[in-house]
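Chemist: Attaching a predicted model along with its sequence, questions to come.
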Amino acid sequence: MLSQKRKTGLLVSGLLLAIVVTLLISLNTGTMTIGPLDVWKTLIGQGSDQNELVLFDFRLTRMVIALLIGAGMAISGAILQGVTHNELADPGILGINSGAGFAVVLFIYLTQGSTTSQVFILPLAALAGAVLAAILIYLISWKNGVSPIRLILVGIGINAAFSALIIVFQLKMDPNNFTQAQIWLSGNIAGTDWTYTFALLPWILILLPVTFYKAGTLDTLHLGDETAQGLGTHVERERLVLLFIAVALAGASVAVGGAIAFLGLVIPHLARKLVGARHKHMLITSALLGALLLLVADTLGRNILAPSEIPVGLIVSLIGGSYFVYLLMKS
């Protein structure tokens, strides 16, 4: 029988290999097919100008963004499920995604697409909406502390309220702005560039290591508030810090890629099945699984109906929703 540490190491190695293979396939495929040798020449600076444009300005940037968003959303979901003691918790169900979506739809409605720098302001609006949703959830949940059950129930209510407001403002939009908002809400990383990548990268590089460091705290909180306090954990402080990390990861990811559903819900489930409930192993597995799933979804979305594209959020919903139904049927 393999030890848990060795089992996790083998799984991580396998996931890293799968990510590299998917990256190579994704670089080769698309509306314009580029052979493996031409891809290699382009990567080392000996390719044609056309191949450099396609690979560096269109394909590679969205692949990196897919990896970052996949890891960020998966870790956000894992944190929320650990803090709330509820395996149905994720940024979408708790209202963080809908808060970000409402802020974006409100901004599009107020500006009517007239702002030339809209592409740079939308991510900021989404992040502000996610933070607003999280603050509302935490304040309304507070009653001599924040209980996990109150947190998720309030989150569901906030999600419903923001979703209703999104529909109200969408109905008031002109057709062009309505389409823009709808595509963003469905989850879409097409049209992103390196600016988005550099905007998202610091959040992932800073918050993911902090989350891995907090793995032991998540394990302790999972034992219940009274037990955690008995072990010397400052429950409310740690819960607040972890919630902030989850919201920041989800908000930054949604700001760039739109409201990608099911990723933060399904990936932690799958990770726990593969490596167990200890967050030391589960978090790294979740990050790699999330990155791989979104990268695969983006590759499929670009190629299934080429030259047309399917928004990556729809592919993830199809895969994640199918897996979630499978989990329900088994349990």
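Modeler: It's in.

Chemist: drop to CA atoms for contacts and neighbour counts, all remaining ones
Modeler: Fine.

Chemist: Check the burial of Gly191 by counting its neighbours.
Modeler: 11 (other C-alpha atoms under 10 Å).

Chemist: contacting residues around it?
Modeler: Phe58 (C-alpha atoms under 8 Å, 6 or more residues apart in numbering).

Chemist: For it, give its distance to Thr197.
Modeler: For Gly191, the distance to Thr197 equals 12 Å [C-alpha to C-alpha, to the nearest Å].

Chemist: and Gly187, which of the three is it?
Modeler: Secondary structure, DSSP: H, G, I helix; E, B strand; the rest coil: Gly187 is coil.

Chemist: and the closest residue to Thr299 other than its chain neighbours, which of the three is it?
Modeler: Among residues not flanking Thr299 along the chain, Ser26 sits closest, at 5.6 Å (C-alpha to C-alpha, 6 or more residues apart in numbering). Counting by three-state DSSP, the backbone at Ser26 sits in helix.

Chemist: Isn't Leu293 up against Gly70?
Modeler: Yes - using C-alpha atoms under 8 Å, Leu293 is in contact with Gly70, at 7.1 Å.

Chemist: Give me the more crowded residue out of those two.
Modeler: Set side by side, Leu293 and Gly70 show more neighbours around Gly70, with 28 against 23, by other C-alpha under 10 Å.

Chemist: need the contact list for the more buried one.
Modeler: Contacts of Gly70 by C-alpha under 8 Å, 6+ apart are 263, 287, 289-295.

Chemist: who wins for most neighbours among those?
Modeler: Within those, neighbour counts (other C-alpha under 10 Å) peak at Leu263, which reaches 32 neighbours.

Chemist: Need the per-residue pLDDT for it.
Modeler: Listed pLDDT for Leu263 reads 87.

Chemist: going forward can the numbers begin at 708, since that is how I track them
Modeler: Right, with 708 as the first residue, what we last looked at is Leu970.

Chemist: which SSE is the spatially closest residue to Leu801 that is not a sequence neighbour in?
Modeler: Closest residue in space to Leu801, ignoring its immediate chain neighbours: Gly862 at 4.0 Å, by C-alpha to C-alpha, 6+ apart. Using DSSP states H and E, Gly862 falls within helix 855-878.

Chemist: residues in contact with that helix?
Modeler: Residues outside helix 855-878 that contact it (C-alpha under 8 Å, 6+ apart) are 790-793, 796, 799-803, 805-806, 808-809, 812-813, 816, 840, 843-845, 847-848, 885, 888.

Chemist: For the residues you listed, which PyMOL command selects only the ones that are buried?
Modeler: For the buried members of the contacts of helix 855-878, the matching PyMOL selection, counting by 16 or more other C-alpha atoms under 10 Å, is:
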select buried, resi 790+791+792+796+799+800+801+802+803+805+806+808+809+812+813+816+840+844+845+848+885+888
